[in-house]
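**Student:** A structural model of the following input is requested.
(one chain, ligands or ions: 2)
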Amino acid sequence: MMVRRGLLAWVSRVVLLLVLLSCALSVLYMLACTPKADDAQRGLPRANGPTGKEGYHAALQEWEEQHRDYVSSLKRQIAQLKEELQGRAAEPPRPDLLAFLRAQVDRAEVHAGVKLATEYAAVPFDSFTLQKVYQLETGLTRHPEEKPVRKDKRDELVEAIEAAVEALNSPAESGPGQRAYTAQDFVEGIYRTERDKGTLYELTFRGHHQHEFRRLVLFRPFGPILKVKKERLDMAHTLINVIVPLARRADKFRQFMQNFREMCIQQDGRIHLTVVYFGKEEMDEVKGILENTSKAANFRNFTFIQLNGEFSRGKGLDVGARFWKGSNVLLFFCDVDIYFTSEFLNTCRLNTQPGKKVFYPVLFSQYNPGIIYGHHDAVPPLEQQLVIKKETGFWRDFGFGMTCQYRSDFINIGGFDLDIKGWGGEDVHLYRKYLHSNLIVVRTPVRGLFHLWHEKRCVDELTPEQYKMCMQSKAMNEASHGQLGMLVFRHEIEAHLRKQKHKAGSKKT
Ligand SMILES: *[C@@H]1O[C@H](CO)[C@@H](O)[C@H](O)[C@H]1NC(C)=O
Ligand SMILES: *[C@@H]1O[C@H](CO)[C@@H](O)[C@H](O)[C@H]1NC(C)=O
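**Tutor:** Ligands and ions are numbered 1, 2, ... in the order given. All right, here's what the predicted structure looks like:
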């Protein structure tokens, strides 16, 4: 039974196969030997071709040619349209207009500093990255830092970055095999608008090598963007001499050295530290901290200078700056209550140039953490406190104490006015001298430089007028307007909460 059923299945399979085979053969025959009339019927030429096969071949070729013609005609049309479009978009400005636009660049403070009478005449920059804009003029939102979400601002900055990327990748510049630049290489930029001339952009990109940067200077003279300058900047050998004047405050210095060790020694590695110490009090402790850090991190690039007499910030910085004996060096004047990141160190390098440019960053001043976070116990670690928000601090746009400048410029302009004693005054004086000079003063808020909160004491020796000003300054450093309001209206708020509680309680019973 089993055998017979198996045989039957086999036979039927063979029959099916045979039928399929003969079908295939007849189709093949039809294809190969159809009469020539078919060709004519399809309206194809070659009715008199020698064999059918060749006829088909020729027909196919013809079809292909027709298609190719059609495609190339389309391509031509597209190219034509593109040309027309481009012609419309980038129609070269008339020569006199172009000359006018170029003249606007020359009139603006782009190539050389413009002498200014006072600090009020200085036009500060804003700074930005791909993610954020750091702005002194906070407008309606009051945010010191903003995502460039506002479409107007985003379009403007993105257009500048795109123009810069295009210039960086221009064929004359990039050799074969060279990686192309993209927006992702953008590190940071600064920009400012002179209302009667236009907007200046200085955009910094990562270069192809370590410590190398590319900078594009662009100008938008209330017209199309113009390229002003393209530079390659190698910062591998740009040493920064950080100068810190100090008297007592050993605890603050310990905190400073912690930050210094991480940012300057571990991350940057192109730094010298000069501490100018006044008096003898707490000196051994400060020296001990310095020596301990030096041993632990194998760091030898420091100088400790001890001075007698009353503390004078100007004198300390002046002595520290002049003490340097090597070739010209970039100086960073820094206080002990300042926190900075390693990015800031590059920003400092990139915004200075001997004989040309000095850098006056606007730092972010932290409010009293005890007030920001409600209670001293709720204060997070320092790194987490350093966020740029309107509740956490403000741009210290009246401060000129932290600055980066080459030693040669500092000496040439005459250094600090040493008649000014104590804190304050000497820095504004130096800043004004630079404004009066032919050097470019770059003034911009920066994301990596913070003034840490510390209690401000208004001493009894002050005159009533000075005391009042001191208290006003103290209030400004303490908390935002809104938070101070919560303190002023404390009783009203507490009374309100009591009433609410009472109401809730009486409803329950
Ligand atoms: C120390 O200074 C030298 C130049 O004087 C420099 O080459 C070196 O990188 C510096 N080291 C650190 C850790 O900053
Ligand atoms: C320096 O290190 C030594 C040994 O670790 C320690 O005893 C000393 O207190 C440290 N000095 C300072 C000022 O921190």
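**Student:** tell me the secondary structure of the closest residue to ligand 2 within the stretch 301-450 of the chain, please.
**Tutor:** When distances are taken as CB to the nearest ligand atom, the stretch 301-450 of the chain reaches nearest to ligand 2 at F304, 13.3 Å away. Every residue, glycine included, has its C-beta placed from N, CA and C. At F304, secondary structure determined by DSSP: H, G, I helix; E, B strand; the rest coil is strand.
**Student:** contacting residues for it?
**Tutor:** By CB atoms under 8 Å, 6 or more residues apart in numbering, the contact list for F304 reads 275, 277, 287, 290.
**Student:** which PyMOL command selects the buried ones in these?
**Tutor:** Of those, the buried ones can be selected in PyMOL as follows, counting by 16 or more other CB atoms under 10 Å:
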select buried, resi 275+277+290
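**Student:** pick out the most distant pair among the contacts of F304.
**Tutor:** Y277 and L290 (9.7 Å; CB to CB).
**Student:** for the residue nearest to L430 when sequence neighbours are not counted, give its distance to H429.
**Tutor:** Once flanking residues are discounted, L430 sits nearest to F416: 5.9 Å by CB to CB, 6 or more residues apart in numbering. Separation of F416 from H429 (CB to CB, to the nearest Å) stands at 7 Å.
**Student:** quick one, what contacts T347?
**Tutor:** 188, 359, 361, 446, 448.
**Student:** and it, which helix or strand is it part of?
**Tutor:** T347 belongs to helix 342-350 when assigned by DSSP states H and E.
**Student:** okay, now the residue lying closest to M471 once chain neighbours are set aside: neighbour count?
**Tutor:** In this structure, M471 finds its nearest non-sequential neighbour in C458, 5.7 Å apart by CB to CB, 6+ apart. Close neighbours of C458, defined as other CB atoms under 10 Å, add up to 15.
**Student:** among the contacts of T347, which ones are in strands?
**Tutor:** Among these, the ones falling in strands (DSSP state E) are 188, 359, 361, 446, 448.
**Student:** nearest to F340 among those?
**Tutor:** G448 (5.7 Å).
**Student:** separation between the closest one and G355?
**Tutor:** 26 Å.
**Student:** between those two, which has more neighbouring residues?
**Tutor:** G448 (20 against 11).
**Student:** next up, the contacts around the more buried one.
**Tutor:** Contacts of G448 by CB under 8 Å, 6+ apart are 340-344, 347.
**Student:** ok, now Q306?
**Tutor:** For Q306, counting by CB under 8 Å, 6+ apart, the contacting residues are 277, 280, 283.
**Student:** I'd like the residues you listed as a markdown table, with secondary structure appended.
**Tutor:** Shown next, in a markdown table, are the contacts of Q306 (three-state DSSP):
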| residue | secondary structure |
| --- | --- |
| Y277 | strand |
| K280 | coil |
| M283 | helix |
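**Student:** now those residues in a markdown table, with pLDDT and distance to ligand 1?
**Tutor:** A markdown table is the format used below for those (pLDDT from 0 to 100; distance: CB to the nearest ligand atom, whole Å):
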| residue | pLDDT | distance to ligand 1 |
| --- | --- | --- |
| Y277 | 96 | 21 |
| K280 | 92 | 29 |
| M283 | 92 | 24 |
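**Student:** just those that are near ligand 2?
**Tutor:** With CB under 6 Å from any ligand atom as the criterion, the contacts of Q306 include none near ligand 2.
**Student:** more neighbours, F416 and H429?
**Tutor:** For the pair F416 and H429, the greater number of neighbours falls to F416 (24 against 14), based on other CB under 10 Å.
**Student:** quick check: the more buried one touching G316?
**Tutor:** No: F416 is not in contact with G316 according to CB atoms under 8 Å; the separation is 9.2 Å.
**Student:** now, the contacts of F304 that are in strands?
**Tutor:** Those of the contacts of F304 lying in strands (DSSP E): 275, 277.
**Student:** what is the nearest of the contacts of F304 to ligand 1?
**Tutor:** L290 (14.3 Å).
**Student:** report the contact partners of the closest one.
**Tutor:** With CB under 8 Å, 6+ apart, L290 has these contacts: 257, 275, 302, 304.
**Student:** and what of L130?
**Tutor:** 161, 183-184, 186.
**Student:** drop anything exposed from these.
**Tutor:** Using 16+ other CB under 10 Å, the buried members of the contacts of L130 are 161, 186.
**Student:** rewinding a little: report the buried residues of the helix holding T347.
**Tutor:** Buried residues in helix 342-350, defined by neighbour count with 16+ other CB under 10 Å: 343-350.
**Student:** do stretch 308-320 as well
**Tutor:** Quick answer for stretch 308-320 (16+ other CB under 10 Å): 311-320.
**Student:** what does stretch 243-260 give?
**Tutor:** 243-250, 252-257, 259-260.
**Student:** which among those gets closest to H454?
**Tutor:** K252 (7.6 Å).
**Student:** which SS class is the closest one?
**Tutor:** Applying three-state DSSP: K252 is helix.
**Student:** surely it touches D335?
**Tutor:** No: in this structure, K252 is not within contact of D335 by CB under 8 Å, at 9.1 Å.
**Student:** if we can go back for a sec, export the contacts of Q306 as JSON lines, with columns for distance to K389.
**Tutor:** Compiled in JSON lines, these are given as follows (distance: CB to CB, whole Å):
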{"residue": "Y277", "distance to K389": "36"}
{"residue": "K280", "distance to K389": "42"}
{"residue": "M283", "distance to K389": "38"}
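**Student:** and the residue of the stretch 401-509 of the chain that's closest to ligand 1?
**Tutor:** R407 (13.7 Å).
**Student:** I misspoke; the intended subject was the stretch 201-350 of the chain.
**Tutor:** Closest point on the stretch 201-350 of the chain to ligand 1, by CB to the nearest ligand atom, is N301, at 3.7 Å.
**Student:** quick one: which helix or strand includes the closest residue to that residue other than its chain neighbours?
**Tutor:** Leaving aside its chain neighbours, N301 sits nearest to H272 (4.4 Å; criterion: CB to CB, 6+ apart). Element membership for H272 (DSSP H and E) is strand 271-278.
**Student:** note down every partner strand of that strand and its orientation.
**Tutor:** Paired neighbours of strand 271-278 in the sheet (DSSP bridges): strand 240-246 (parallel), strand 302-307 (parallel).
**Student:** angle of it against helix 342-350?
**Tutor:** 90 degrees (axes from the mean of the first three to the mean of the last three CA atoms, to 10 degrees).
**Student:** residues from this structure in reach of ligand 2?
**Tutor:** 285, 288-289, 292.
**Student:** span of stretch 239-250 from start to end?
**Tutor:** 26 Å (CA to CA, to the nearest Å).
**Student:** so is it next to ligand 1?
**Tutor:** Yes: applying CB under 6 Å from any ligand atom, one finds stretch 239-250 in contact with ligand 1 at L239.
**Student:** before we move on, what SS does S170 have?
**Tutor:** coil.
**Student:** residue contacts, K252?
**Tutor:** Counted by CB under 8 Å, 6+ apart, K252 has contacts 336-337, 454.
**Student:** how close does it get to Q385?
**Tutor:** 16 Å.
**Student:** what sits against the residue in the stretch 101-250 of the chain positioned nearest to ligand 2?
**Tutor:** At 7.7 Å from ligand 2, A250 is the closest residue in the stretch 101-250 of the chain, using CB to the nearest ligand atom. Counting by CB under 8 Å, 6+ apart, A250 makes contact with 282, 285-286, 289.
**Student:** again, 6 Å this time
**Tutor:** For A250, the contact set (CB atoms under 6 Å, 6 or more residues apart in numbering) comprises 282, 285-286.
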